[in-house]
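In: Here you go, sequence then predicted model.
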Amino acid sequence: MAFDGSAPDGPQAQDAPEWLEADGLGGYASGAADGVRTRRYHALLLTATTPPTHRFVLVNGVEAVVETGDGRHGLSSQRYLPDVLHPDGARRILSFHRDPWPTWVFGLPDGTEVRHEVFVEPHGGETVLTWRRTAGPPGPCRLEVRPLLTGRDHGALHQANDVFRFDAEATGGTVSWRPYAALPAATALTTGTYRHDPVWRRRVLYTVERERGLDHVEDVASPGAFAFDLAAAPAVMVLRAGDGRSGDAARHAADLAATERARRGAFGSGLRGAAAAYVVARGPGRTVVAGFPWFTDWGRDTFIAMRGLLLATGRLEEARAVLLGWAEAVDGGMLPNRFPDSGEAPEFNAVDASLWFVVAVHDTLDACAAAGAPVPEAEAERWRAAAEAILGSYSAGTRFGIRAEADGLLHAGQEGVQLTWMDAITDGHVVTPRRGKPVEIQALWINALEIAARRWSDGWREPADRARAAFAARFAAPAGGLYDIVDVDGAPGAVDASVRPNQVFAVGGLPFPLLEGAAARAVVDLVEAKLLTPLGLRTLSPDDPAFIPRYRGDLVRRDAAYHQGTAWPWLLGPFVQAWLRVRGGTAAAKAEAAGRFLAPLMRHLDDNGLGHVSEVVDGAAPHHAGGCPWQAWSLGELIRIRRMLDLDV
């Protein structure tokens, strides 16, 4: 992706697209293409002290000013209250490119051009910044770079205070600062000369946080500045958390760049490279971050996303490692919904996460067998034991009223607890409680039973068949499609006829469809007619009085809209699979699907979180993106769609 800064929709636009550089440990660097930090999460050095959680911003950004014969010119930008841009480097951007990593070219009035690059080296977690003069008249060209520090939780904001320590420790080209004793130091290895000059930059304004109804002003600290002579050599700064690295900054940066170019080149495509960003360390194993910048690893998201991010890209060893790690977390026949960012006890409020694990096990076994790399018996046995423990507990009954009932279907629900993927909760109020027997939970339950019956024990055949028969008898809605819930709130025969996308899982998105023929076609046609948008499926039909067209405003308003009309890109994966299944998966159907459903998603890769797919979009046109700019299952399902359509990834 590239654009010219002079274009009306270029980097001076209010909502510039955003870039992400992940470190493989849960940390990341991120920012906007116009260089203006608009989120609390935009930072150059953001580290996970207990990967992939406990994430802290050490270096928010830098203030960069270049001086030539005709004066001083800013190469960076930041907004301050009331709405002042300073410095004004955004207007000097000639171009921005995201491949192989974020790269800007700035133009000065005298014809000088400066190329600025940023990348993160995964696993080591170092952020490399370089500036070089690439054009211009002879003469002086000096660069001053001020690091801007906070030392705060990545979800918080920082204010000037007397405890903050500006002290610098400088040795052999390395300068370190430790603003707060409880956090690792921020260290810079550079080719420049450091001048200690502590200052506060107060009232920094984050416009996206303001739009989200959150606190949006903070103070950042600059302990000093680095001076570089761009007329003599490029400027290099390597940032890292923890103890400093001595040595030649230019050589070290060049070595890291060569390694990174080779690593990224080996992916062979931008989608594969983007997929790698979500796969991170958790202890000795691997897991999948649900989305950047604020999510950690969620069970539901992990098992859905890994099918595209890992299985469809051939990263089978990592898929196995993910499943092994999660299999160890089974407790009471359930897997955690998530591990909180601050390290508290795991949360188990998800009826579907454990069932998605069983599906992921099945898909991984199939993928490994197809690749001629069967899973070792001992490993497969651990997966089986975890899966059957889940099915056994669900059959007998476990937390939150989760239990198989006499008809074979799965009941789930407890007052005040959100258990399905439609999980928004505000001030203790569950927006979409969905207590009873939700349609996609039955599809998952029956698929999990079918998997167990085919792979592990004939004892699961009778419950699988009983549940399938009950589903066929109970979920067909007279108006067409399927009920969203039966036995609502535990009341026998009570139904919720809301037109939602969850019914699509009876036809697509899972290994074994529950419907065929006209019944399947009716579901797909209804979902297409009422819920399809260019970038996802709406969570509620616009015909419903409860439909909310925009995902906007403060947290309460956004949570109210989250599953009440907002569209989700990840749902296009199950939908496209269902759409193809009812058309026999013909070449003509695949060609039509590529143009109608895949093409808009591919264009979206350049619109919001560059190279990635957003978490949500508005249910109403023009379908502005919201939520996380970089969402794991959204990208994973795009990749899976490409595989369905026999396209390269």
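Out: Received it, and whenever you're ready, just let me know what you need.
In: switch to C-alpha atoms for all contacts and neighbour counts from now on
Out: Noted.
In: Got the confidence number for the closest residue in space to Gly325 that isn't next to it in sequence?
Out: Excluding the flanking residues, the one nearest Gly325 by C-alpha to C-alpha, 6 or more residues apart in numbering is Gly285, at 6.0 Å. On pLDDT, Gly285 comes in at 91.
In: again, but for Gly124
Out: 85.
In: and it, what does it touch?
Out: Contact partners of Gly124, counting by C-alpha atoms under 8 Å, 6 or more residues apart in numbering, are Asp23.
In: redo that, cut-off 6 Å
Out: Residues near Gly124 by C-alpha atoms under 6 Å, 6 or more residues apart in numbering: none.
In: Okay, and it sits in which element?
Out: If you go by DSSP states H and E, Gly124 is not part of any helix or strand.
In: again, but for the one 3 residues further on
Out: Assignment of secondary structure by DSSP H and E places Thr127 within strand 126-135.
In: In that strand, which residues are buried?
Out: By neighbour count on 16 or more other C-alpha atoms under 10 Å, the buried set for strand 126-135 is 126-133.
In: which secondary structure elements does it contact?
Out: For strand 126-135, the elements it packs on are strand 113-121, strand 235-241, judged by 3 or more C-alpha pairs under 6 Å, 6 or more residues apart in numbering; DSSP states H and E.
In: Going by distance to His158, which of the buried residues of strand 126-135 wins?
Out: Among these, Thr127 lies closest to His158 (C-alpha to C-alpha), at 21.9 Å.
In: What sits closest to that closest one if chain neighbours are left out?
Out: Val120 (4.4 Å).
In: And that neighbour, how close does it get to Thr130?
Out: With distances taken as C-alpha to C-alpha, to the nearest Å, Val120 is found 12 Å from Thr130.
In: Phe597 now?
Out: 40 Å.
In: same check, this time on Leu365
Out: From Leu365 to Thr130 the distance is 45 Å (C-alpha to C-alpha).
In: cool, Gly573 as well?
Out: Distance from Gly573 to Thr130, by C-alpha to C-alpha: 39 Å.
In: mind giving me the domain ranges of the chain?
Out: 3-267, 270-644 (automatic domain parsing).
In: Tell me the pLDDT of Gly173.
Out: Note on Gly173: pLDDT of 87.
In: which ones are touching the residue nearest to Thr127?
Out: Val120 sits next to 21, 126-127 when contact means C-alpha under 6 Å, 6+ apart.
In: got a pLDDT number for it?
Out: Note for Val120: predicted pLDDT of 98.
In: Three-state assignment for His54, please.
Out: strand (DSSP: H, G, I helix; E, B strand; the rest coil).
In: quick one: it and Thr47 touch, right?
Out: No - counting by C-alpha atoms under 6 Å, His54 sits too far from Thr47 to count as a contact (8.1 Å).
In: When these two are compared, which one has more neighbours?
Out: Thr47 (31 against 18; other C-alpha atoms under 10 Å).
In: coming back round to it: from Ala233, how far off is the residue nearest to Gly325?
Out: From Gly285 to Ala233 the distance is 42 Å (C-alpha to C-alpha).
In: next one: Gly273
Out: Gly273 is 31 Å from Ala233, by C-alpha to C-alpha.
In: ok, now Ala170?
Out: 22 Å.
In: same deal with Asp465?
Out: The gap separating Asp465 from Ala233 is 72 Å, by C-alpha to C-alpha.
In: And the two? Which one has more around it.
Out: Asp465 (16 against 13).
In: pretty sure that one belongs to a strand, no?
Out: No - read with three-state DSSP, Asp465 is helix and lies in no strand.
In: residues contacting it?
Out: Contacts of Asp465 by C-alpha under 6 Å, 6+ apart: none found.
In: Let's see the pLDDT reported for it.
Out: 99.
In: coming back round to it: can I get the strand holding Thr127 as CSV, trimmed to CA atoms?
Out: Coordinates of the C-alpha atoms in strand 126-135 are reproduced here as CSV (Å, rounded to 0.1, in the frame of the first residue of the first chain):
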residue,chain,number,x,y,z
GLU,A,126,13.8,-4.5,19.3
THR,A,127,12.4,-1.5,17.3
VAL,A,128,14.7,-0.2,14.6
LEU,A,129,14.3,3.4,13.4
THR,A,130,16.4,4.9,10.6
TRP,A,131,16.5,8.3,8.8
ARG,A,132,18.6,8.9,5.7
ARG,A,133,18.9,11.8,3.3
THR,A,134,18.1,10.5,-0.1
ALA,A,135,18.0,13.7,-2.2
